[in-house]
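K.L.:
how does the following fold in three dimensions:
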Amino acid sequence: MKADALMQSIETWLKQLAAELREGHTQGFVGFLEKMGRFPRYSARNTLLILLQRPDATLVAGMKRWNELGRRVRKGERAIAILAPTLKRVEVVDEETGEVREERQIVGFHTAYVFDVSQTEGAPLEPARVPASEDALLYAQLAAACPVPVEEGLLRAGMVGKTDGKRIVLAADLSPAHKAETLLHEWAHVLLHFDGARREARVKELEAEATAYAAGRQLGLTMESSRDYILHWQGTVEGLEGALERIMRGAREILEALPAQPERGGSIEGKDQGAAGAAPFLLAR
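P.N.:
Next up, the predicted model:
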């Protein structure tokens, strides 16, 4: 499948999703967020492409990487098409020093192919450990990994958490599970909404709760209150795509801040080798 066709399938899905959300239907969006947590190293676009082609995918890699792991793609299996950046080496002159250095810049995108573990056979992989399910332990791990101090205290009625970007305060009377869910929400605000960009409050709340949902479900939390936040989305298709990329980035940063957590499916490739921010696509090997 050509890159243009992949882009078109993404646009079609985004339009459908935006229409569903405007009508108050959150099932499609919440379902995507739940599965998105399987692929924290992929962009929202590539995660979407994987799930559109193989909804039951859990762990994907390129054929070369599977071979390195002692597994082979079974004959007749259909590859999953994703997007990878096309890079070109260019010379850049430093305006201050006059020094000429070589950089790789993105000039477009091309189709790359991966396969799910269910499409392979061979040497067994190391069994994945089960995420910690004890709520108090998980909350403690999250609080320790959070990049800003986490405090507990008394908040005004109806408020369970808040942040100014420099610290997070949670209501002290919450259960451990609710504290963990609220911490994820406020942590997402810290990561996504203190960059100086102007966004509507309802968009910030959607992005924060969607990020928390994607990360929380991967960590074993129920995230039962998330649908209420997600119902508030009334944005455009363009805004939705941008939000998905920020949500994906936020969930990835949270999950990767927990080195003691078990290995979570998704990708056994390396991290994205493209330009950070400019092309959040995983390079298939």
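
K.L.:
and the closest residue to Gly216 other than its chain neighbours, how far from Leu21?
P.N.:
In this structure, Gly216 finds its nearest non-sequential neighbour in Met223, 4.6 Å apart by C-beta to C-beta, 6 or more residues apart in numbering. No exception for glycine: its C-beta is placed from N, CA and C like everyone else's. Distance of Met223 to Leu21, computed by C-beta to C-beta, to the nearest Å: 17 Å.

K.L.:
just Ala188 next, same as before
P.N.:
19 Å.

K.L.:
and for Leu183?
P.N.:
Taken as C-beta to C-beta, the span from Leu183 to Leu21 is 26 Å.

K.L.:
so the two - more neighbours on which side?
P.N.:
Higher neighbour count among Leu183 and Leu21: Leu183, with 25 against 20, using other C-beta atoms under 10 Å.

K.L.:
quick check: the more buried one touching Ala145?
P.N.:
No - taking contacts as C-beta atoms under 8 Å, Leu183 lies outside contact range of Ala145: 10.0 Å.

K.L.:
show me what counts as buried in the longest strand anywhere in the chain.
P.N.:
Longest among the strand segments of the chain by residue count, using DSSP state E, is strand 100-116. Residues of strand 100-116 classed as buried by neighbour count (16 or more other C-beta atoms under 10 Å): Phe109, Thr111, Ala112, Tyr113, Val114, Phe115, Asp116.

K.L.:
show the contacting residues for the fifth one.
P.N.:
Neighbouring residues of Val114 by C-beta atoms under 8 Å, 6 or more residues apart in numbering: Ile50, Val60, Ala61, Gly62, Ala79, Ile80, Ile82, Ala284.

K.L.:
one more time with 10 Å
P.N.:
For Val114, the contacting residues are 42, 46, 49-50, 53-54, 57, 59-63, 65-66, 73, 79-82, 84, 267, 269, 282, 284-285, by C-beta atoms under 10 Å, 6 or more residues apart in numbering.

K.L.:
check what pLDDT it gets.
P.N.:
On pLDDT, Val114 comes in at 95.

K.L.:
can you check the first one too?
P.N.:
Here, the pLDDT recorded for Phe109 equals 89.

K.L.:
thought it was touching Ala84?
P.N.:
Yes - between Phe109 and Ala84 there is a contact under C-beta atoms under 10 Å: 6.6 Å.
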